[in-house]
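> Got a sequence here, can you build the structure:
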Amino acid sequence: MKTLFLVRHAKSSWKDPGLADHDRPLNKRGKRDASAMAGRVAGRPNQPELIVASPALEDVPTC
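Prediction:
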């Protein structure tokens, strides 16, 4: 059986309200939560076969 996971993007910064949604960096909480979610996914017995994500870039450590 296939499983579908829907995950919302991490919290972004609004320090520069003139930036488009795609261009806003993650804030401190967003970076922390993104790393935590990566750990949860990495710890699952069945890994995703496909991940479809935004092309927005952010320097978040991976597991």
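
> CA atoms for contacts and neighbours, from now on please.
Fine.

> neighbours of A36, just the number please.
A36: 14 surrounding residues under other CA atoms under 10 Å.

> I'd like to know how far it sits from A20.
25 Å (CA to CA, to the nearest Å).

> Not counting sequence-adjacent ones, nearest residue to A34?
A10 (5.9 Å; CA to CA, 6 or more residues apart in numbering).

> Tell me where the protein has strands.
Counting by DSSP state E, one finds no strands in the chain.

> Model confidence for G30, exactly?
As predicted, G30 sits at a pLDDT of 89.

> Kindly provide the distance from it to G39.
Going from G30 to G39 by CA to CA gives 14 Å.

> between these two, who's got more neighbours?
G30 (17 against 13).

> Helices of this structure, residue ranges please.
28-42 (DSSP state H).

> low pLDDT regions in it?
Along the chain, the model assigns pLDDT under 70 to residues 55-63.

> give the contact list for the residue nearest to A34.
L26, R29, G30, K31, D33, A34 (CA atoms under 8 Å, 6 or more residues apart in numbering).

> can you do 7 Å?
Contacts for A10 (CA atoms under 7 Å, 6 or more residues apart in numbering) come out as L26, G30, D33, A34.
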